[in-house]
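*Asks:* Requesting a structural model of the entry that follows:
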Amino acid sequence: MIGWLEGTVQETDPTTGSLLLNVNGVGYDIVLSMQNICVLQVGASTQLYIHSHIREEQFSLFGFVSTNERDMFRKLIQVSGIGVRTAMNVFSTMSVQQLLEAIQSSDDASIARTPGIGKKTALRMILELEGKLTMPESGDSPSQSNHSHMAHDVRSALVNLGYKPATIDKTMKKLTLSQDFEESFKMVLKVL
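*Replies:* Numbers count the residues shown, from 1 in each chain. From the prediction side, this is the model:
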């Protein structure tokens, strides 16, 4: 699976919501949100976090400018009734922060403004994701911010190994993690 790509933007196509990324002479066709397509300029060097999506005979790449965006996308596609295109539409109308706030405040009207998502789907999304998402702390000092980023990386690595997010969260709340990823990862893994 492809998880990250760095290259030069060869072309963008707002009608299909995709961009062609030249990575050492190989062109990758990547689906992006409209917000991200509008920001990326042809000829500019960029890095994208990738979600590889394989279905029957189709292999698609979905690109994101941050791991937070990709992680939220992956949570969205786990909600019943939300496919990859609908999840990408969400990011064309809302930022990750706005989506988190809408879910935590049960603001289904804001979510339902997304093309392809009605009131029932917005309510289902809130119901299934409520309590499973954490708001980024605002006003953190740089060390607190680095610590929360490191904790997020530890959690993400454990989820990729197959551990359940709820179990990981309970375990991490009981422990005092260090600033070092490897040390913290081993500490949490030992308890799990």
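
*Asks:* confidence score at residue 143?
*Replies:* In this prediction, residue 143 carries a pLDDT score of 41.

*Asks:* ugh, wrong one, residue 161
*Replies:* On the pLDDT scale, residue 161 is placed at 79.

*Asks:* cool, and the one 10 residues further on?
*Replies:* Residue 171 is assigned a pLDDT of 82 by the prediction.

*Asks:* And for residue 46?
*Replies:* In this prediction, residue 46 carries a pLDDT score of 91.

*Asks:* Can you mark which positions in the helix or strand containing it are buried?
*Replies:* When secondary structure is defined by DSSP states H and E, residue 46 falls within strand 45-55. Neighbour counts using 16 or more other Cβ atoms under 10 Å place 46, 48, 49, 50, 51, 53 of strand 45-55 among the buried residues. To be clear about C-beta, it is placed using only N, CA and C from the backbone, and glycine gets the same treatment.

*Asks:* was I right about residue 87 contacting residue 81?
*Replies:* No - if you go by Cβ atoms under 8 Å, residue 87 and residue 81 don't touch, sitting 10.7 Å apart.

*Asks:* More neighbours: which of the two?
*Replies:* The neighbour count for residue 87 versus residue 81, taken as other Cβ atoms under 10 Å, is higher for residue 87 (24 against 13).

*Asks:* for the helix or strand containing the more buried one, packing partners?
*Replies:* Assignment of secondary structure by DSSP H and E places residue 87 within helix 84-93. Secondary-structure packing of helix 84-93 (3 or more Cβ pairs under 8 Å, 6 or more residues apart in numbering; DSSP states H and E): helix 34-39, strand 58-64, helix 67-76.

*Asks:* quick revisit: so in that sheet, which strands flank the strand holding residue 46, and in what orientation?
*Replies:* The sheet places strand 45-55 alongside strand 4-13 (antiparallel), strand 58-64 (antiparallel), with pairing taken from DSSP bridges.

*Asks:* Just name the shakiest helix or strand of the chain by mean pLDDT.
*Replies:* Within the chain, confidence by mean pLDDT, DSSP states H and E is lowest for helix 142-160 among all helices and strands, at a mean of 64.

*Asks:* tell me the angle the helix or strand that it is followed by makes with helix 67-76.
*Replies:* Stepping forward along the backbone from helix 142-160, the first helix or strand reached (DSSP H and E) is helix 165-174. With axes from the mean of the first three to the mean of the last three Cα atoms, to 10 degrees applied, the angle from helix 165-174 to helix 67-76 works out at 140 degrees.

*Asks:* List of residues touching helix 165-174?
*Replies:* Helix 165-174 is contacted by residues 132, 151, 154, 155, 158, 159, 188, 191, 192 when judged by Cβ atoms under 8 Å, 6 or more residues apart in numbering.
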